[in-house]
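K.L.:
Could you look at this predicted model? Sequence included:
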Amino acid sequence: MKIIASEESPTVLSFEDDVLECFFLDGSTRLHIAHIQDIQLSMDNKHKHLLTIQLKRKNLFIFVDEKPFADVEELVKQVKKAISKGK
């Protein structure tokens, strides 16, 4: 599953085989589900959708446009399901 989460600050998300990849303009980050403590999709104080990926030592914050919101919501469900299977 690959999703363009935001056109404004181009971010592509990909989840496959227990690895979540986040591609940004300045590089990418690969996260195995064992390193993800939580993942949530919420709204910030400016009413923008915000994907929060909580790791042990830091959090990643990714803005999500309205158009891919449902796809990102499905990605969050898949990651949470994989995390629960891994515990």
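P.N.:
Noted; the coordinates are in hand. Just so we're clear, the structure is a prediction, and the values are computed from it rather than from any experiment.

K.L.:
Surely Gln78 is in contact with Met1?
P.N.:
Yes: look at Gln78 against Met1 with Cβ atoms under 8 Å: they come within range, at 7.0 Å. All C-beta spots, glycine's among them, are computed from the backbone N, C-alpha and C.

K.L.:
and these two? which has more neighbours close in?
P.N.:
Neighbour totals were compared for Gln78 and Met1, and Gln78 leads with 15 against 12 (other Cβ atoms under 10 Å).

K.L.:
if I've got this straight, that one is in a helix?
P.N.:
Yes: counting by DSSP: H, G, I helix; E, B strand; the rest coil, Gln78 falls inside a helix.

K.L.:
That one - nearest residue in space that isn't next to it in sequence?
P.N.:
Distances taken as Cβ to Cβ, 6 or more residues apart in numbering put Phe15 closest to Gln78, at 5.8 Å, once the chain neighbours are dropped.

K.L.:
what helix or strand does that neighbour sit in?
P.N.:
With elements taken from DSSP states H and E, the one containing Phe15 is strand 11-16.

K.L.:
Kindly check the end-to-end length of stretch 54-73 for me.
P.N.:
Using Cα to Cα, to the nearest Å, one end of stretch 54-73 lies 16 Å from the other.

K.L.:
Run through who's touching it.
P.N.:
Here stretch 54-73 makes contact (Cβ atoms under 8 Å, 6 or more residues apart in numbering) with 1, 3-9, 11, 13, 22, 29, 31, 35-41, 48-53.

K.L.:
do stretch 76-87 as well
P.N.:
If you take Cβ under 8 Å, 6+ apart as the criterion, stretch 76-87 is touched by 1, 15, 18, 20, 33-34, 36, 39-41, 51.

K.L.:
for the chain, what spans make up the strands?
P.N.:
Along the chain, counting by DSSP state E, strands occupy 2-6, 11-16, 19-24, 27-32, 36-43, 49-55, 59-64.

K.L.:
any chance of the ones you listed in CSV, plus distance to Asp71?
P.N.:
Listed next are these as CSV, based on distance: least, Cβ to Cβ, whole Å:
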stretch, distance to Asp71
strand 2-6, 5
strand 11-16, 9
strand 19-24, 14
strand 27-32, 18
strand 36-43, 11
strand 49-55, 11
strand 59-64, 9
